[in-house]
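1. sequence and predicted structure are below.
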Amino acid sequence: MRRFFLLIPVSVILFTMCSQTTWVKTDNGVIIRLRSVSADIPGQMKLEIADNDVIHVLASTKKGFSEEKSLCVIDQDLPAPDFRVKQVQDTLMVSTVRVIAKVSLETGQVIFCDENGKVILSEKAGGGKSFAPVTVEGTSGYSVGQVFD
């Protein structure tokens with residue numbers, strides 16, 4: 001009986017740890033594992049600081065990210081500019097001297113603001129991202145959508 005009562009607190013602690021969002025600061029940005037298990041919300045996201053006013057956002061429904069080169073960000077051998085990462089409740093803020101990206105740790109919604117906090121661009125509430133599995137000529141992939149307000 002004593003073992004049973006010991007298992008309850010251990011189970012609660014493990015469940016709580018598994019359901020928490022984790023984020024890790026990297027040399028050039030941050031990797032976020034989102035809390036939601038909804039199929040409409042990516043499992044993880046990566047924000048890469050490309051310049052003081054450019055933040056490259058990636059989202060993935062699976063663990064890990066594609067190793068293929070991005071067509072939207074030109075590779076440079078320059079170090080990432082200084083940036084800060086700060087969590088305030090359910091929002092992770094990644095900021096440079098020129099731009100702030102606010103990411104909902106629940107939905108993955110990204111809001112970009114200038115250095116004064118004025119909204120520049122905001123994804124639709126709830127995340128604005130969609131991933132639909134597709135197969136094209138025998139190759140599996142995703143049809144991806146993104147909606148901004």
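-> Nice, thanks for sending it over.
2. and the spatially most central residue of the chain, what element?
-> Per Cα atoms, centre = their mean, the C-alpha nearest to the average position across the chain is that of residue 45, at 2.7 Å. Assessed by DSSP states H and E, residue 45 sits inside strand 44-51.
3. counting contacts, what elements does that strand pack onto?
-> Contacts defined by 3 or more Cβ pairs under 8 Å, 6 or more residues apart in numbering; DSSP states H and E place strand 44-51 against strand 29-33, strand 54-60, strand 99-104. Backbone N, C-alpha and C define where each C-beta goes, glycine included.
4. so for residue 144, which of those strands sits nearest?
-> Across these, residue 144 has its closest neighbour in strand 54-60 (8.3 Å, Cβ to Cβ).
5. in its sheet, what does the helix or strand following the closest one sit against?
-> Later in the chain than strand 54-60, the nearest helix or strand by DSSP H and E is strand 84-88. Here strand 84-88 is paired, per DSSP bridges, with strand 91-95 (antiparallel).
6. closest one to residue 68 among the helices and strands packed on strand 44-51?
-> Of all the helices and strands packed on strand 44-51, strand 54-60 comes closest under Cβ to Cβ, at 11.2 Å.
7. chain center to the closest one, what's the gap?
-> Put simply, strand 54-60 sits 8 Å off its chain's centre (Cα atoms, centre = their mean, to the nearest Å).
8. kindly report the same for stretch 31-45.
-> The answer for stretch 31-45 is 7 Å, by Cα atoms, centre = their mean.
9. list the buried ones in that stretch?
-> 31-32, 34-36, 41-45 (16 or more other Cβ atoms under 10 Å).
10. got it, and stretch 127-136?
-> Buried-residue list, stretch 127-136, by 16+ other Cβ under 10 Å: 127-129, 131.
11. residue contacts, residue 105?
-> 21, 23, 32, 34-35, 87, 90-92 (Cβ atoms under 8 Å, 6 or more residues apart in numbering).
12. 10 Å instead, please
-> 20-23, 32-36, 45, 87, 89-92 (Cβ atoms under 10 Å, 6 or more residues apart in numbering).
13. okay, and the helix or strand of the protein with the least pLDDT?
-> helix 2-19 (a mean of 47; mean pLDDT, DSSP states H and E).
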